[in-house]
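In: Prediction below, plus the sequence it came from.
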Amino acid sequence: MDINGHAAAPAAAGGATHRSEPNMETPTPRPADFFPLEVVHLLGTARRVIDKHVDDCGCCADCGSSWPCQHAQLAEFTLATL
């Protein structure tokens, strides 16, 4: 019997059978699939700025300002909004 109290269907000859589902491969989505091209460009720019403007003992390694510099803050804000 199954969990609802109904009689189970007889098994196929030779035991239980398994259906094989076709393997559906889907491509990995890209940011351009979700956002307009202008936003994708802005995100790329923000990532490059974040990679350049890093902390170096309390100063920005790229511009020399006190850490976090305005460039890093704006880039982080841009990335956080999306």
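Out: Structure's in. What do you need?
In: Residues in contact with stretch 45-57: which ones?
Out: Around stretch 45-57, the neighbours that count as contacts under Cβ atoms under 8 Å, 6 or more residues apart in numbering are 60-63, 67-69, 71-72, 74-76, 78-79. Heads up, the C-betas are built off the backbone N, CA and C, glycines and all.
In: Grab the two from the residues you listed that are most spread out in space.
Out: Pairwise distances across these (Cβ to Cβ) peak at 19.6 Å, for the pair Ala61 and Thr78.
In: neighbour count winner among the two?
Out: Ranked by neighbour count (other Cβ atoms under 10 Å), Ala61 and Thr78 place Thr78 first, with 17 against 13.
In: which non-adjacent residue is nearest that one?
Out: Leaving out its chain neighbours, the residue that sits closest to Thr78 by Cβ to Cβ, 6 or more residues apart in numbering is Ala46, at 4.2 Å.
In: mean confidence score for whatever helix or strand the one you found lives in?
Out: The secondary structure element spanning Ala46 is helix 37-52 (assigned by DSSP states H and E). In this model, helix 37-52 has an average pLDDT of 92.
In: what's the spacing between that helix and its chain's center?
Out: Averaged C-alpha coordinates place helix 37-52 at 16 Å from its chain's average position (Cα atoms, centre = their mean, to the nearest Å).
In: Quick check: next helix or strand after that helix?
Out: Downstream of helix 37-52, the next assigned helix or strand under DSSP H and E is strand 55-56.
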